[in-house]
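Participant: With the input below, show me the fold.
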Amino acid sequence: MNVYTLVMLASGVGGSAGGAGGAGGGDRRLIDQILSGGPVGYVLIVLSVVALALVIANAVQLRRDRLAPPAVIAALEETLRRNDVEGARAVCAAAGNESFLSRMFGSALTRCSRSAFGFLEMRSALEESGTREIDRLTKLTDGVGLVAAVAPMLGLLGTVFGMIGAFQTIGTLEGASRSNQLAVYMSHALVTTALGLTVAIPCTAAYTYFKRRIDRLAGEIGQLAEDLASHLQGKGAGAKAASAGVRGVPAAGPGGGGARVAGVVGPGGGAVRP
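Facilitator: Next up is the predicted model:
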């Protein structure tokens, strides 16, 4: 008896051969069918629980009012209309205001305040900080994608184990016992395949949905950040920036307008536009 057979017997797959002929296979409960997948089936069950937790976490996290809370937007608009750059940075740094928008905009303001080019760097600063924030968002989504990729391979692994057991049965047993044992191993092979696909299919759909949702939300928040940054123009912004320690900050961008903000860079590397 090899190691594989011992593992299958311990999981109850091989040991159920004796009762396969006496009890009708159609009378087995769904939970019994699932548990007949053996060790690989147990791993797939655990993966399904992990995938469900990741999907719920993504659904909670990827909401507009969570990534860009209305209170933070209103506070930033109020301070930026007064050309109060330091006040806007304080709003972004407040513990209760932590969000995608506050981290992205606060990081961009900090970089511009420390740069000799001032708010001429607002465009590149927002792109850089936006890319970092998108990377943070995609960590949970990548977890769903990982489960979607691993689950069918685990199902295939269980199928291979089942086929190995089936061929060993053909070579070692005879008569009715061989038929019963062969049916058990073939059932194991098909159950693990079904479990792998059952986990992978919804995870693939969820991964695609969340990736598109991140792209859309990043575009919307990028446009919102651009609208907020449009208040940083005119002499008032230049004076406030100079008083904060910035030198050489232009009062206005080319053509009399303020520095414009590019869209947030998406996961693919290009600028995401709504």
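
Participant: what sits against Gly162?
Facilitator: Tyr185, Met186, Ser187, His188, Ala189, Leu190, Thr192 (CB atoms under 8 Å, 6 or more residues apart in numbering). For the C-beta atoms, the positions are set from N, CA and C on the backbone; glycine is no exception.

Participant: ditto for Arg132
Facilitator: Met104, Ser107.

Participant: Please tell me how far it sits from Leu52.
Facilitator: Arg132 sits 28 Å away from Leu52, going by CB to CB, to the nearest Å.

Participant: Now, of the contacts of Gly162, which are buried?
Facilitator: The neighbour count (16 or more other CB atoms under 10 Å) marks Tyr185, Met186, Ser187, His188, Ala189, Leu190, Thr192 as buried among the contacts of Gly162.

Participant: is it possible to export the residues you listed to a markdown table including distance to Met104 and secondary structure?
Facilitator: Listed next are those as a markdown table, based on distance: CB to CB, whole Å; DSSP: H, G, I helix; E, B strand; the rest coil:
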| residue | distance to Met104 | secondary structure |
| --- | --- | --- |
| Tyr185 | 55 | helix |
| Met186 | 55 | helix |
| Ser187 | 53 | helix |
| His188 | 50 | helix |
| Ala189 | 50 | helix |
| Leu190 | 49 | helix |
| Thr192 | 44 | helix |
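
Participant: of all those residues, which comes closest to Arg123?
Facilitator: The shortest approach to Arg123 among the buried ones among the contacts of Gly162 belongs to Thr192, at 52.1 Å (CB to CB).

Participant: do you know how far that closest one is from Arg81?
Facilitator: Note on Thr192: its distance to Arg81, by CB to CB, is 61 Å.

Participant: Chain neighbours aside, what residue packs nearest to Gly158?
Facilitator: Excluding the flanking residues, the one nearest Gly158 by CB to CB, 6 or more residues apart in numbering is Thr192, at 2.5 Å.
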